[in-house]
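Q: Fold the following.
(2 chains)
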Amino acid sequence: MNVGLFGIENVNIWVDAFIRLQLIVVLMTVVVMGLIYGERKIIGRFQRRLGPMRTGPFGILQSLADALKLVGKEDLRPRGADPWVFELAVYFVFVPVFMAFVAVPFAFDWNVRVLELGLFYVVAISSINIVGWVMAGWASDNRYAMLGALRAAAQGISYELPLILSLIAVSMVVSTDAGRGSLDLGVIVAEQGHIPYIVWQPLAFAIFYVAMLAELNRTPFDIPVGESEVVGGPFVEYSGIRWSMFFLAEYAGLFILALVAAAVFLGGWAWPLGEELGTVWQLLLTAGKALLLIFSVFWVRVTMPRMRIDQLMGFSWKVLLPMSFALILVNGLILVYDWPDVVLLASNIVGLIALYLIVDRGITQRRVRPPARAGAATTA
Amino acid sequence: MTQPPPVLENEFETEDIFVNMGPQHPSTHGVFRMVLTIDGELITDVTPYLGYMHRGAEKLCETMDYRQGIGYMDRTEYLANFNAELSYVMAVEQLAELEVPERATWIRMILCELNRLSSHFMFLGAFGTDVGVFGTAFVYGFKNREIIQDLFEEVTGDRLMFAYFRAGGLAWEVPDNFETRVREVLRDSREGLQELDGLMTQNEIFRARTEGVGVITAEDAIDWGTSGPTLRASGVPMDIRRDEPYLFYDQVDFDVITGDHGDVFDRFYGRIREASESIKIIEQCLERLEPGPIVPDRLPRMLRTPAGEVYTRTEAPRGEYGIYLVSKGGNRPHRLKIRSACLSNLQALRDMTIGGYVADAVVILGSLDIVLCEVDR
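A: Numbering: from 1, shown residues only, chains lettered A, B, ... in the order given. Sure, this is the predicted structure:
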């Protein structure tokens, strides 16, 4: 499967691995800095501001300046903190995100390693970081951090399930030479040469998107880090380089999940009309699809208020999880009875409508609002 | 809360923890501190601690003559300065039996209602941040407040500490283009209100976060002595502008906005609707505004009042802002007591918060729209 690095044959496997990993780390750092700059600019425009403008032309050096500032800051540790856990927590958040990159494809044959269980690997590895969050919160000797860590644990576990199940729903209907079903991201992309899976499986994409926001602790699910409530959550006691590593991991995680979504739902590097493209175009196409998703995440961030923890948990366990189980069941039936692909679409559209109705009803009608004064109207 | 918190049967021993919110916390709107006793995410008790901002404003006013005291009112209620000044100058006018010229009264009304608008914009923005909109509502709210603030600067020469009202009238005449400028501001404000209304009120998550949260019944609201939008949200149509008209509020037509449920959403939405009523009032005032004097003919250089005591109250954006003034003659008050709307509204916080979630505490506190300078004085 693995051709040599940049087409060079017979490179020592360790040298090869080392170079690939270095490339990933450098790429990630640059991408994250770009994402942070992009987010600040985009949010700025949404809020009638310019965003960063002072460092370099249009402020493009702002992220670099911030990174340098963070590295230069004192690395503080509270006196009551557990020294080992406090310092290790960073790596539990930071390392898995970078490990997940090993299997993420950027273009045809352009990834660190082609794994047959690539999707499984990415999802499994990237969910380790919850441990790091809990460690950070527990070790910080701070009640906001503690509260944030417990919220993160509850939220991370609840939304992990719909996230994985929605990906499974897609990966089980992928047609391969050996029949249906594949966890190889390359195969999943190749299957979408003509029509991406977002068309066949819109419900799966909807579930994935919501669960992705929650996994990444982005608005409206930024409960663990909610600034107006727990003041930054598990990271409240971190400073300097450690805090910036958390930050880096957060944005790297966003980029990875966007890449996975681009590969699984949007067809990765495949052009919808089925033409074979050159590697550069493939890279641009993957990046473009991922960035489109990331832009929508930023967009949601500036518009949505934060949900409350009970609403968040209820939404996952009562709505998203049953929906994704139903989706898998229907997909399974389609596979067993070999129904045509149109059924996939039909079932998903029915599911989307059901999801909309459930959300609408759950949000608008279940709230009890007794009158404050006897005799006043009972409904809004 | 509407529903009692679910009772958990603990199989192992658990312990409530105390979370100290404030005095330095992003969402306490100043140096307010509340100690939450929480069982998991549920709040079982709240203890507010006040007084971090106490500067002895009332005592300080006793050492100043009546004109100097006006500036101190700005410093107690820094988001509704004109309303605060108005209570004070009205108290002095009643004691000194001064007659305020008509033009000055209309201008006072316009400025007070504009100040209510700007204060409500500030609330809408800050409340958005409390609910978790990342800065967008805040920026929109501030943009609109800034437009009004510019007008105030043109009129008074200051952005925050106006000290523009005087016992008997106004400090000086408004600029020539005052009327056109006010109309411009009203047009922008109307648009701004619609923007914020669309951003927040029509957002389902926003409603899920605010409806049925922090409920206080009409009886409790009255018992705690709340006033202003907080009281009206519970369905009590109490508005001093209508019940005990001061200035020329009896000559303008406006509605008293009440809510039905007494929850956070009603307190929020009531303010949006109240802001529209303010725009309505200002438009009527502009029609009636005519040239004329802005101070009485015979205003002494050093104002002295006969002995006596007086209580005046006005409807400030946050509720009843009252001044109790005792004079023993001379040019300065013997005793001045400020009846703070925020302090009374804050009393109800404990009732509203217990049984809710930690995130609710932030939203409920935000919905009271406190100004800590006014609470602690």
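
Q: the longest helix in chain B is where?
A: helix B:102-131 (DSSP state H).

Q: what about the strands in chain B?
A: Assigned by DSSP state E, the strands in chain B fall at B:17-21, B:33-39, B:42-49, B:165-166, B:169-170, B:308-316, B:319-327, B:335-339.

Q: Disregarding flanking residues, what is the spatial nearest neighbour of residue A:162?
A: residue A:320 (4.0 Å; CB to CB, 6 or more residues apart in numbering or on different chains). From N, CA and C alone the C-beta is placed, and that goes for glycine too.

Q: need the contact list for that neighbour.
A: A:159, A:162, A:207, A:210, A:211 (CB atoms under 8 Å, 6 or more residues apart in numbering or on different chains).

Q: quick one on the thing from earlier: how about the longest helix of chain B, which residues are buried there?
A: B:103-131 (16 or more other CB atoms under 10 Å in any protein chain shown).

Q: Same check on stretch B:236-252?
A: By neighbour count on 16+ other CB under 10 Å, the buried set for stretch B:236-252 is B:236, B:238, B:239, B:240, B:241, B:246, B:247, B:248, B:249, B:252.

Q: if I look at the last one, how far off is chain A?
A: The one in question is residue B:252. Here the criterion is CB to the nearest CB, to the nearest Å. By it, residue B:252 lies 27 Å from chain A.

Q: what about the closest residue to that residue other than its chain neighbours, how many residues close to it?
A: Spatial nearest neighbour of residue B:252, excluding adjacent residues (CB to CB, 6+ apart): residue B:284 at 4.5 Å. As a burial measure, residue B:284 scores 18 neighbours (other CB atoms under 10 Å in any protein chain shown).

Q: Let me know whether residue B:284 touches residue B:248 as I believe.
A: No - shown here, residue B:284 and residue B:248 do not form a contact pair, counting by CB atoms under 8 Å, at 9.4 Å.

Q: Just give the closest residue to the residue nearest the centre of chain B, not the sequence neighbours.
A: Nearest residue to the geometric centre of chain B (CA atoms, centre = their mean): residue B:318, 2.7 Å. Closest residue to residue B:318 apart from its sequence neighbours, by CB to CB, 6+ apart: residue B:341 at 4.4 Å.

Q: The residue nearest to residue B:113 when sequence neighbours are not counted: neighbour count?
A: Nearest residue to residue B:113 in three dimensions, chain neighbours excluded: residue B:278, at 4.3 Å (CB to CB, 6+ apart). Residues contacting residue B:278 under the criterion other CB under 10 Å number 25.

Q: Is any residue of the host helix or strand of residue A:280 near chain B?
A: Element membership of residue A:280 [criterion: DSSP states H and E] is helix A:279-303. Yes - applying CB under 8 Å from any CB of the partner chain, one finds that helix A:279-303 is in contact with chain B at A:301, A:302, A:303.

Q: Let's see the pLDDT reported for the residue nearest to the centre of chain B.
A: Looking at residue B:318, its pLDDT is 89.

Q: was I right about it contacting residue B:228?
A: Yes - between residue B:318 and residue B:228 there is a contact at 5.1 Å, judged by CB under 8 Å.

Q: Any chance you could list residues touching both of the two?
A: B:341, B:345.

Q: hey, where'd the helices end up in the stretch 1-150 of chain A?
A: A:13-46, A:62-72, A:83-100, A:118-126, A:129-139, A:143-173 (DSSP state H, counting those that start in this stretch).

Q: Redo these as JSON lines? Include mean neighbour count and mean pLDDT.
A: Converted to JSON lines, these look like this (neighbours: other CB atoms under 10 Å in any protein chain shown; pLDDT from 0 to 100):
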{"stretch": "helix A:13-46", "mean neighbour count": "15", "mean pLDDT": "86"}
{"stretch": "helix A:62-72", "mean neighbour count": "15", "mean pLDDT": "88"}
{"stretch": "helix A:83-100", "mean neighbour count": "19", "mean pLDDT": "87"}
{"stretch": "helix A:118-126", "mean neighbour count": "21", "mean pLDDT": "87"}
{"stretch": "helix A:129-139", "mean neighbour count": "24", "mean pLDDT": "88"}
{"stretch": "helix A:143-173", "mean neighbour count": "22", "mean pLDDT": "88"}
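
Q: How about the contacts made by the residue of the stretch 51-200 of chain A found nearest chain B?
A: The nearest approach of the stretch 51-200 of chain A to chain B comes at residue A:143, 5.1 Å away (CB to the nearest CB). Listed by CB under 8 Å, 6+ apart, the contact set of residue A:143 reads B:17, B:18, B:19, B:20.

Q: rerun that using 7 Å as the cut-off
A: B:17, B:19 (CB atoms under 7 Å, 6 or more residues apart in numbering or on different chains).

Q: ok, it to residue B:354 distance?
A: 19 Å (CB to CB, to the nearest Å).

Q: try residue A:203
A: 41 Å.

Q: Between those two, tell me which one has more neighbours.
A: Between residue A:203 and residue B:354, counting by other CB under 10 Å, residue A:203 is the more crowded of the two (25 against 17).

Q: Contacts only, for the more buried one.
A: Contacts of residue A:203 (CB under 7 Å, 6+ apart): A:327, A:348, A:351, A:352, A:355.

Q: Residue B:148 now?
A: B:114, B:117, B:118, B:185, B:189.

Q: Please give me every residue in contact with the residue in the stretch 151-300 of chain B positioned nearest to chain A.
A: Relative to chain A, the nearest point of the stretch 151-300 of chain B is residue B:262 (3.0 Å; CB to the nearest CB). By CB under 7 Å, 6+ apart, the contact set of residue B:262 is A:372, B:215, B:216, B:217, B:218, B:221, B:233, B:234, B:235.

Q: Now residue A:60: phi and psi?
A: Note on residue A:60: its backbone torsions stand at phi -70, psi -20 [degrees, to the nearest 10].

Q: Could you double-check that it lies in contact with residue A:38?
A: No - at 10.1 Å, residue A:60 does not count as touching residue A:38 under the criterion of CB atoms under 7 Å.

Q: Which secondary structure state does the spatially most central residue of chain A sit in?
A: Centroid-nearest residue in chain A, with CA atoms, centre = their mean: residue A:257, separated by 3.6 Å. The local conformation at residue A:257, judged by DSSP: H, G, I helix; E, B strand; the rest coil, is helix.

Q: Show me what from the stretch 201-350 of chain B comes close to chain A.
A: Residues of the stretch 201-350 of chain B that fall close to chain A, judged by CB under 7 Å from any CB of the partner chain: B:203-206, B:208-209, B:211-212, B:215-218, B:234-235, B:260-263.

Q: quick one: low-confidence parts of the stretch 201-350 of chain A?
A: The stretch 201-350 of chain A contains residues with pLDDT under 70 at A:273-275.

Q: rerun that using 80 as the cut-off
A: A:219, A:226-230, A:232, A:268, A:270-279, A:338-341, A:343-344 (pLDDT under 80).

Q: nearest spatial neighbour of the residue of the stretch 201-350 of chain A found nearest chain B, skipping sequence neighbours?
A: Using CB to the nearest CB, the closest approach of the stretch 201-350 of chain A to chain B is made by residue A:306 at 2.7 Å. Of all residues not flanking residue A:306 in the chain, residue B:132 sits nearest, at 2.7 Å (CB to CB, 6+ apart).

Q: And residue A:184, by the same measure?
A: residue A:116 (5.1 Å).
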